[in-house]
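Chemist: Quick one, structure for this:
(2 chains)
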Amino acid sequence: MADTHERAEEITQETLGDGGIAEVGEHRSLWGDVWRQFRRHKGAMAGLVVVTIIVLGAFVGPIFYPHDPFDIDVPNANQGPTLEHLMGTDTIGRDIMARVLVGGRISLAVGFTAALLGIFIGTGVGILAGFFRRLDALLMRLTDLFLALPVLPLLLVIILLFRDSLRERFGPELGIFLLVVFIIGITSWMQTARIVRGEVLAIKRQEFVLAAQSIGTRRRNIIMRHIFPNVLSPVMVSAALGVGIAIITESFLSFIGLGFPSDFPTWGRLLFDAVPFLEIAPMRVIWPGALISLTVISVNFIGDGLRDALDPRLRSG
Amino acid sequence: MVSERMEDQPAASTGAEVLVGVRDLKKHFPITGGLLKRQVGAVKAVDGVSFDIYRGHTLGLVGESGSGKSTIGRVILQLDHATEGSVVFDNVDLTQTTGEKLRKIRPRMQMVFQDPHASLNPRMTVSSIVGEPLKEHRAAKRAEKLDRIDELLSLVGLEPSHANRYPHEFSGGQRQRIGIARAIALNPEFIICDEPIAALDVSIQSQIVNLLENLQHHLGLTYLFISHDLSMVRHIADRVAVLYLGKVMELADVDSIYTDPKHPYTQALLSAVPVPDPEVESSRKRIILEGDIPSPADPPPGCPFNTRCPIAQQRCVDEVPEWRELSGGRWVACHFAE
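Modeler: Numbers count the residues shown, from 1 in each chain, chains lettered A, B, ... in the order given. Okay, here's the model as predicted:
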């Protein structure tokens, strides 16, 4: 040991380095670095705060809010915002704020789970297609197939086929939830798969991957250690966009009557219920619409911040 | 001596043991075309190359860009599969070795890459880059691994305290040192240096070459040094192979090839090297080659160099020159070399 150190020192002396670097003593953990960088991104931090408030409002808010979203109170119908009903009431006197808060639960849960599922499938397909030449043609044709499928008839068929059996197994709400998440997930992964495949094809021929091969690194480790972390940036961006698309698709499904039951509040449902009253009570459209937009924008900012924070080249100091 | 081995090989001029023997190595990249992706041709990147690398010595491999230098390196390490021929490493034919068996041999041969910006994963710290070989081959326990990483970093002239930094925080020369530390982590016997200095500043190049020489001296390494920098090859190599269009034109020990090149291509190459003496430089005669290197997808018939050779004759188009031995253990592929 002492011998090698002497040797090392000898070699160092002979071939002294080019330009020094300031000392950094302490060990830096990867996630500590990521968090430090993330906090510097003002937009991402603002987005995180907004999303946290919305999530808390949806999941904890209804516990403290005095009105029940299903209480019908016809004499007080169609009110504008008052101190009693902060966002007013709808055509049969239900408190809109209570419905918006509860509706957020489904919209957020569907949005995040479906986007996660879509990203998971898309990243998996993209990495496999890009990395393994043999799978490439097969998986990309499959992707094209899904892209070419007409979504609306597909939705109708899936829902007609599976709605009743899922309801029986998991109950009406969880059953529909699973169905909606599944549908949105399997119809939204294709863009991600294509983007990821392209990135993988480029990264695969980089010298650091060749270096890993020459070391004898196993394929799964090459994928997990070298390929995946380097495709994280586009994945993050797709994920953020995916959440927004999922929330909007859920709204659309509820609107055409294929999603959650009609009396069950989700943001999309509330929005479309309010459309006929746009001229009498414009605020009823604005509340859920503003929340959808706010969530989507905030999540996109968080995605941007994460993308930057995960790239060491953009981290300074 | 190894002269009892196959007869078409360069005889050992040094009497050293052969570590890597390359025989008739070919690498053809298929060109596909048409609707059915049928093969319509091939890029003959490497087209029948034979040479030996002796243990503890350095073989320099020089040639223009597109001559197949890097492809040879990659095929030797089995990063690309050979179309034909064999690569014998310490009596094992690597082209016939696959899977776990190949994986067990891999630590014994490593590569230093050309571009120090592309050869390090930007999302890994220096310690995980240098530690990856140790981790993959379970060469050390955690604490030992950290010690070993420190040791490797000091061996290549970096501070162990830099272990937690990312590659982009280093200069080109320092990154190349990190790449070298990774290459020597598992105590390899053989290292392919694929233009390790081509992407560096001139002032840094000599530092890296000196480091490589020191490591060779201290760790007993064998190098295949791929480069287009003739003066650097002269400095580091013991023997030199000159490559043109996927074929070796000439192979000889470094002194004879630089003082008395036999092949017209080698002569032309060497005449392009400037001499650091104004008087000699002003009277230096340059052999200027006409045209470009032909496409490896459609090489000329006969001698690959016949389209640009100053002494070419009809025979060079009709007949592929034999790879033959001259006196003094020199090998050349030219009809007229003596």
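
Chemist: rest of the way, CA atoms for contacts and neighbours
Modeler: Fine.

Chemist: Name the next helix or strand downstream of the lowest-mean-pLDDT helix or strand in chain B, please.
Modeler: Here the helix or strand of chain B ranked lowest by mean pLDDT, DSSP states H and E is helix B:278-283, holding a mean of 80. Sequence order places helix B:314-318 as the next helix or strand after helix B:278-283, per DSSP states H and E.

Chemist: Mind exporting the C-alpha coordinates of that next one to CSV?
Modeler: Output in CSV follows, covering the C-alpha atoms of helix B:314-318 (Å, rounded to 0.1, in the frame of the first residue of the first chain):
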residue,chain,number,x,y,z
GLN,B,314,-0.2,-1.1,-64.4
ARG,B,315,0.8,-4.0,-62.1
CYS,B,316,-0.5,-2.1,-59.1
VAL,B,317,-4.0,-2.1,-60.6
ASP,B,318,-3.9,-5.7,-61.7
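
Chemist: Tell me the first helix or strand C-terminal of it.
Modeler: Later in the chain than helix B:314-318, the nearest helix or strand by DSSP H and E is strand B:324-326.

Chemist: Just checking: what are the partner strands of that following strand?
Modeler: Note on strand B:324-326: by DSSP bridges, its sheet partners are strand B:330-332 (antiparallel).

Chemist: Write out the residues of the stretch 101-250 of chain B neighbouring chain A.
Modeler: B:103-104, B:106-107, B:109-111, B:113, B:115, B:118-123, B:133, B:136, B:151, B:154-158, B:161-162, B:164, B:166, B:168, B:171, B:173-174, B:204, B:207-208, B:210-211, B:214-215, B:218 (Cα under 8 Å from any Cα of the partner chain).

Chemist: Among those, name the buried ones.
Modeler: Among these, those classed as buried by 16 or more other Cα atoms under 10 Å in any protein chain shown are B:103, B:106-107, B:109-111, B:113, B:115, B:118-123, B:133, B:136, B:151, B:154-158, B:161-162, B:164, B:166, B:168, B:171, B:173-174, B:204, B:207-208, B:210-211, B:214-215.

Chemist: Now, these that are in helices?
Modeler: B:103, B:133, B:136, B:151, B:154-155, B:173-174, B:204, B:207-208, B:210-211, B:214-215 (DSSP state H).

Chemist: Contacts (any at all) between chain B and stretch A:131-139?
Modeler: No: judged by Cα under 8 Å from any Cα, stretch A:131-139 stays clear of chain B, getting no closer than 12.8 Å.

Chemist: can you tell me the helix or strand for the spatially most central residue of chain B?
Modeler: The structure's chain B has its C-alpha centroid closest to B:Ile226; by Cα atoms, centre = their mean the separation is 3.2 Å. Element membership of B:Ile226, judged by DSSP H and E, is strand B:222-227.

Chemist: what does that strand rub up against?
Modeler: B:53-63, B:69-70, B:73, B:189-196, B:198, B:216, B:233, B:237 (Cα atoms under 8 Å, 6 or more residues apart in numbering or on different chains).

Chemist: pLDDT of that strand, averaged?
Modeler: On average, the pLDDT along strand B:222-227 is 92.

Chemist: same thing with stretch B:114-128?
Modeler: For stretch B:114-128, mean pLDDT rounds to 88.

Chemist: what's it in contact with?
Modeler: For stretch B:114-128, the external contacting residues (Cα under 8 Å, 6+ apart) are A:206-209, A:211, A:226, A:229-230, A:311-313, B:113, B:129, B:146, B:149, B:162-168, B:172-173, B:175-176, B:178-179, B:193-199.

Chemist: what about 7 Å?
Modeler: Contacts to stretch B:114-128, defined as Cα atoms under 7 Å, 6 or more residues apart in numbering or on different chains, come from residues A:206-208, A:211, A:226, A:229, A:311-312, B:113, B:149, B:163-168, B:172, B:175-176, B:194-199.

Chemist: Mind pulling up the pLDDT for the nearest residue to A:Ala98 once chain neighbours are set aside?
Modeler: Of all residues not flanking A:Ala98 in the chain, A:Pro69 sits nearest, at 4.9 Å (Cα to Cα, 6 or more residues apart in numbering or on different chains). At A:Pro69, the predicted lDDT confidence score is 76.

Chemist: Let me see the ranges of the strands in the stretch 51-200 of chain B.
Modeler: In the stretch 51-200 of chain B, the segments counted as strands under DSSP state E, counting those that start in this stretch are B:58-62, B:84-89, B:92-93, B:109-112, B:190-194.

Chemist: What mean pLDDT does the longest one get?
Modeler: What it means is strand B:84-89. Averaging pLDDT along strand B:84-89 gives 90.

Chemist: what does the stretch 151-300 of chain A have sitting close to chain B?
Modeler: Residues of the stretch 151-300 of chain A lying close to chain B by Cα under 7 Å from any Cα of the partner chain are A:206-208, A:210-211, A:214-217, A:226, A:229.

Chemist: same thing but at 6 Å, please
Modeler: Contacts of the stretch 151-300 of chain A with chain B, taken as Cα under 6 Å from any Cα of the partner chain, map to A:207-208, A:215-217.

Chemist: Those residues in helices, which ones?
Modeler: The helices, defined by DSSP H, take in A:207-208, A:215 from these.

Chemist: Where does pLDDT dip in the stretch 1-150 of chain B?
Modeler: B:1-15, B:139-140 (pLDDT under 70).

Chemist: If you could redo that for the stretch 1-150 of chain A, that was the one I meant.
Modeler: A:1-30, A:80, A:83, A:85.

Chemist: One more pass at 50, please.
Modeler: For the stretch 1-150 of chain A, the stretches with pLDDT under 50 are A:1-2, A:9-27.

Chemist: so B:Glu250, which of the three states?
Modeler: Judged by DSSP: H, G, I helix; E, B strand; the rest coil, the three-state class of B:Glu250 is strand.

Chemist: how about it, what does it touch?
Modeler: Shown in contact with B:Glu250 (Cα atoms under 6 Å, 6 or more residues apart in numbering or on different chains): B:241-242, B:331-332.

Chemist: count of neighbours near residue 96?
Modeler: Just going to use chain A. Neighbour count of A:Ile96, defined by other Cα atoms under 10 Å in any protein chain shown: 27.

Chemist: that answer is for a different chain, and I need it for chain B
Modeler: The burial count for B:Gln96: 12, using other Cα under 10 Å.

Chemist: The one 5 residues further on too?
Modeler: Applying other Cα under 10 Å, we find 10 residues neighbouring B:Lys101.

Chemist: Likewise for B:Glu319?
Modeler: Other residues lying near B:Glu319 total 12 when counted by other Cα under 10 Å.

Chemist: pLDDT score for it?
Modeler: The pLDDT attached to B:Glu319 in the predicted structure is 86.

Chemist: Isn't B:Val18 up against B:Phe51?
Modeler: No: B:Val18 is not in contact with B:Phe51 according to Cα atoms under 6 Å; the separation is 10.0 Å.

Chemist: show me where the stretch 51-200 of chain A has helices.
Modeler: With helices called from DSSP state H, counting those that start in this stretch, the stretch 51-200 of chain A shows them at A:61-64, A:96-131, A:133-148, A:151-170, A:172-186, A:190-204.

Chemist: Would you mind saying which of those lies nearest A:Ser251?
Modeler: Comparison of those against A:Ser251 by Cα to Cα identifies helix A:96-131 as nearest, at 8.0 Å.

Chemist: hang on, the earlier thing: reformat the residues of the stretch 151-300 of chain A next to chain B as JSON lines; add pLDDT and distance to B:Gly85.
Modeler: JSON lines is the format used below for these (pLDDT from 0 to 100; distance: Cα to Cα, whole Å):
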{"residue": "A:Glu207", "pLDDT": "88", "distance to B:Gly85": "25"}
{"residue": "A:Phe208", "pLDDT": "91", "distance to B:Gly85": "27"}
{"residue": "A:Ile215", "pLDDT": "88", "distance to B:Gly85": "23"}
{"residue": "A:Gly216", "pLDDT": "85", "distance to B:Gly85": "23"}
{"residue": "A:Thr217", "pLDDT": "86", "distance to B:Gly85": "26"}
